[in-house]
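Novice: next input, structure requested:
(2 chains)
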Amino acid sequence: MRLTKAALLGAAIVAAGLTAASGAQAQNEQFIPGLIYRTGAYAPNGIPFANGVADYYALVNERDGGINGVKILYEECDTGYATDRGVECYERLKNKGPTGAAYVNPLSTGITFALTEKAPVDKIPVISMGYGRSESRDGSVFQWNFPLLGTYWSAADIIMQHIALKEGGFDKLKGKKIVLVYHDSPYGKEPIALLEQRAKMHGFTFTPMPVTHPGVEQKATWLQIRQQRPDYVLLWGWGVMNSTSIKEAAAVGFPREKMFGVWWSGAEPDVRPAEGGGKGYHAAMLQHGAGQFAVHAELKKYLYDKGKGATKWDEVGEVLYNRGLVNAMLGVESIRTAMKKFGNKPMTGEQVRWGIEHLDLSAARLKELGFDGMLQPLKVSCSDHEGTRAGRVMQWDGAKWVVVSDWYQSDDKVLKPMVEAAAKKYAAEKKLPVRDCSKEM
Amino acid sequence: MLYREAGQFKTTYVADQQIFPILQDRLFVLAVIVVAFAVVPLFATPYLYTEILIPFLILSLAAVGLNILVGYCGQVSLGTGGFMAVGAYAAYNLWLRVPEVNNLVVVFLFGGLVAAAVGILFGIPSLRIKGFYLAVATLASQFFLDWLFARVKWLTNYTPSGSVAVGDTSVFGWKIDTPVERYLFILGFVVVATLVAKNLVRGHIGRSWMAIRDMDIAAEIIGFRPLTTKLTAFAVSSFFVGIAGAMWAFLRLGAWEPLAFDINRSFQILFMVIIGGLGSLLGSFLGAAFIVLTPIVLNQLPGWLGISMSTALLSHLEFMVFGAMIVFFLIVEPHGLARLWAIAKEKLRLWPFPH
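Specialist: Modelled structure (predicted):
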């Protein structure tokens, strides 16, 4: 008797679940998958990013009623920064919604590498904002990859320009020692090519020091650094590796003013665990820093005052939260650009790809969106999937991030040949067709 | 009542010694193979192929390989991930540097052979150390191979990121692109490999492995040579594991970095073998199905039931429930899922009668 009751109840739940799931399939919604991580070794950095993304899509739905009337259907899937779980999430979500996934933000260079293979087949663009393959800037080979706002080579170049400025010029770098402490993954290895190139050009010694995932074992690395006494240490970590590096630097007494993190190793979860130890640490900015701007006032008005925000109000405005906002904004604006050409309806991946490739955010438009002061204008094109190569450097003063530099532009005289060579090599290896960007407009 | 062999008389030794002497068994296995080859492609979605069937098949091949080593020969090995990596990178280097060999079968077999050679090399300590100490020695092989593929740039074709990718893959002229084609190719490989493994463990070699596992000193006394026996176990096991690694890299990932074959992969396959059942080929498949499918099902179950929860809670619950299920199965049946299957078959002999 009890067994049948339980069985009936179970059947009812399953039936309700199945019908509820199918009922949620609306016809005029744009589906956007969220490959984020709220668990795992990289969660401290993944959580604020995921909150920023979720909040921006909610804001667009609440404030504007969607993108030109088409509401955003956003679904998260926790990848834990693991490549195979990331691919599984992608496969699970790529066909949801009336027109499939608009684009995908893997938030992991490893997953980006894996999805670079799948995206052209599934016709879903991969937006790897500030990460991914550095050579994917070349849209003639990498049609479906968009490393918007900057790649690792741009980041490394910006940091090197800042160091050169502090030293008094690139020629003053001769004989200096620069160490790269990097996460032993494709993400961490990306800048090595550029730094070796610069080392050849300016005569400084460059030593890469890998740290195995997840990055909590760094004592040996920092003892080596204490022995070698480099002039500068560049930190290319993620998740717990960053905070561990800063704590270890404090423990061996390496001056944090001489440490420069890339934009993925320059956020509050990285410096706060070291308490006083993070003071003086520099980080490159993926254009934006921490702080609240016009868009945050909108977030407060439409979401947080109504209790619909994804997180607590005092976390809104942190570096990675802002990055989530920017990432979501670029995606939404790409869909809007695509809608100008294809009509105000849910876009397919191919149409969104066209939209991203023709994304043109002027200063006036950025001001309208509320991102004035966070970003510089960007223009994506077939040959330039990065859009812009600018950045600044900020410094942690113990309580907040302070911008300590002017805008730098990464040096295309150095980068462009490297990008083209690497892209050509990839195309040759994979026997891919190369588009002629001068013909496409 | 259904599962009786009453009336099935064998008149030749060949019939008596076949792998599935009972007619019902033969029919069942044949039906499974027919369904796998012919019926599944009619109904399956691409997601089912790429995320469920292909990982399950490839990892069950790796589990078969590891079961030969751990289950049949008793040599505990934690280096499975490393051997998969050897197979993957050897296959990649052959594919890359000898483009004339544009045949996946040859490429995978080459990966398997190189992995077998490396397996023999790392199996040499097994002649001196046993049990958990051997596990530590094979752990050393895992970390060494991790280091090798991360540091020796030649093996990854000097890519700046250390990540390698494979492009067009074809077998005897047919391109293997779509999920269906990949699935059928892998299924064919796994069926053939399992048949080979089954025959090996039923024959003289398999018996020598089991003798070494049960009591190696007694085995040595009655004439089994520990050197050749243990090293053949390592070789055959690594051969299968290497092929599985090459398939994982080429057909499942497409682009990979050394982290794809790290210590967690080794643990995953060891758990498959332990939970599935040591010393049982069916156990390898059952264990692989359990370990591959359960996290995915647990992750999507609240969605199917219409319960909405935060992704963080979902991930945490997935880990907890998965761990609890492993503990539960090991308490209920320490000999693994294969033993549960065998008990079910025993009960099927009497069913539906009570005695």
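
Novice: now stretch A:400-413: buried residues?
Specialist: Buried residues in stretch A:400-413, defined by neighbour count with 16 or more other Cβ atoms under 10 Å in any protein chain shown: A:401, A:405, A:408, A:410-411. All C-beta spots, glycine's among them, are computed from the backbone N, C-alpha and C.

Novice: can you list the residues you listed in a markdown table and add pLDDT?
Specialist: Formatted as a markdown table, those follow (pLDDT from 0 to 100):
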| residue | pLDDT |
| --- | --- |
| A:Trp401 | 91 |
| A:Ser405 | 91 |
| A:Tyr408 | 91 |
| A:Ser410 | 89 |
| A:Asp411 | 89 |
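
Novice: close to chain A: what parts of chain B are there?
Specialist: Applying Cβ under 8 Å from any Cβ of the partner chain, one finds that chain B approaches chain A through B:46-47, B:50-51, B:55, B:96, B:150, B:157, B:160-163, B:165, B:167-168, B:177, B:252-257, B:259-260, B:262, B:296, B:299-300, B:303-307, B:310-312, B:314-316.

Novice: spatially nearest residue to the residue of the stretch 301-441 of chain A found nearest chain B (excluding sequence neighbours)?
Specialist: Closest contact between the stretch 301-441 of chain A and chain B, by Cβ to the nearest Cβ, is at A:Lys430 (3.9 Å). Take A:Lys430 and drop its neighbours on the chain: the residue closest to it by Cβ to Cβ, 6 or more residues apart in numbering or on different chains is B:Gly167, 3.9 Å away.

Novice: that neighbour reaches A:Tyr426, doesn't it?
Specialist: No. Using Cβ atoms under 8 Å, B:Gly167 is not in contact with A:Tyr426; the gap is 9.7 Å.

Novice: anything in contact with each of the two?
Specialist: Residues touching both B:Gly167 and A:Tyr426 by Cβ atoms under 8 Å, 6 or more residues apart in numbering or on different chains: A:Leu432.

Novice: more neighbours: the two, which one.
Specialist: Neighbours per residue, other Cβ atoms under 10 Å in any protein chain shown: of B:Gly167 and A:Tyr426, the larger number sits with A:Tyr426, 20 against 16.

Novice: verify the contact between the more buried one and A:Ser134 for me.
Specialist: No. A:Tyr426 is beyond contact range of A:Ser134, at 11.1 Å (criterion: Cβ under 8 Å).

Novice: what is the burial count for B:Ile263?
Specialist: 16.

Novice: quick one: average confidence on stretch A:199-213?
Specialist: For stretch A:199-213, mean pLDDT is 92.

Novice: does chain B have contacts with the helix ranked longest in chain A?
Specialist: Counting by DSSP state H, the longest helix found in chain A is helix A:319-342. No. Judged by Cβ under 8 Å from any Cβ, helix A:319-342 makes no contact with chain B; its nearest approach is 14.2 Å.

Novice: buried residues in that helix, which are they?
Specialist: Buried residues in helix A:319-342, defined by neighbour count with 16+ other Cβ under 10 Å: A:319-339.

Novice: packing partners of it?
Specialist: Helix A:319-342 sits against helix A:43-64, strand A:126-127, helix A:268-271, helix A:349-357, strand A:360-361, helix A:363-369, with contacts defined as 3 or more Cβ pairs under 8 Å, 6 or more residues apart in numbering or on different chains; DSSP states H and E.

Novice: as CSV, the ones you listed with mean pLDDT, mean neighbour count and distance to A:Gly110 would be great.
Specialist: Listed next are the helices and strands packed on helix A:319-342 as CSV, based on pLDDT from 0 to 100; neighbours: other Cβ atoms under 10 Å in any protein chain shown; distance: least, Cβ to Cβ, whole Å:
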stretch, mean pLDDT, mean neighbour count, distance to A:Gly110
helix A:43-64, 93, 23, 14
strand A:126-127, 94, 26, 13
helix A:268-271, 90, 24, 20
helix A:349-357, 93, 22, 22
strand A:360-361, 93, 18, 29
helix A:363-369, 93, 14, 31
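
Novice: rebuild the ones you listed as TSV, extending it with distance to A:Pro98.
Specialist: As requested, these are exported to TSV (distance: least, Cβ to Cβ, whole Å):
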stretch	distance to A:Pro98
helix A:43-64	16
strand A:126-127	21
helix A:268-271	37
helix A:349-357	12
strand A:360-361	27
helix A:363-369	26
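
Novice: reformat the ones you listed as a markdown table; add distance to chain B.
Specialist: What follows is the helices and strands packed on helix A:319-342, written out as a markdown table (distance: least, Cβ to the nearest Cβ, whole Å):
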| stretch | distance to chain B |
| --- | --- |
| helix A:43-64 | 8 |
| strand A:126-127 | 12 |
| helix A:268-271 | 15 |
| helix A:349-357 | 15 |
| strand A:360-361 | 29 |
| helix A:363-369 | 27 |
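
Novice: which non-adjacent residue is nearest residue 339?
Specialist: Reading this off chain A. Once flanking residues are discounted, A:Met339 sits nearest to A:Asn68: 5.3 Å by Cβ to Cβ, 6+ apart.

Novice: look at chain B instead
Specialist: Nearest residue to B:Arg339 in three dimensions, chain neighbours excluded: B:Glu333, at 5.3 Å (Cβ to Cβ, 6+ apart).

Novice: check the gap between that neighbour and A:Ile356 for me.
Specialist: B:Glu333 sits at a distance of 53 Å from A:Ile356 (criterion: Cβ to Cβ, to the nearest Å).

Novice: cool, B:Pro295 as well?
Specialist: Using Cβ to Cβ, we find B:Pro295 at a distance of 33 Å from A:Ile356.

Novice: hang on, B:Ile205 is in a helix, isn't it?
Specialist: Yes. Counting by DSSP: H, G, I helix; E, B strand; the rest coil, B:Ile205 is located in a helix.

Novice: verify the stated contact: it with B:Thr232.
Specialist: Yes. Between B:Ile205 and B:Thr232 there is a contact under Cβ under 8 Å: 6.2 Å.
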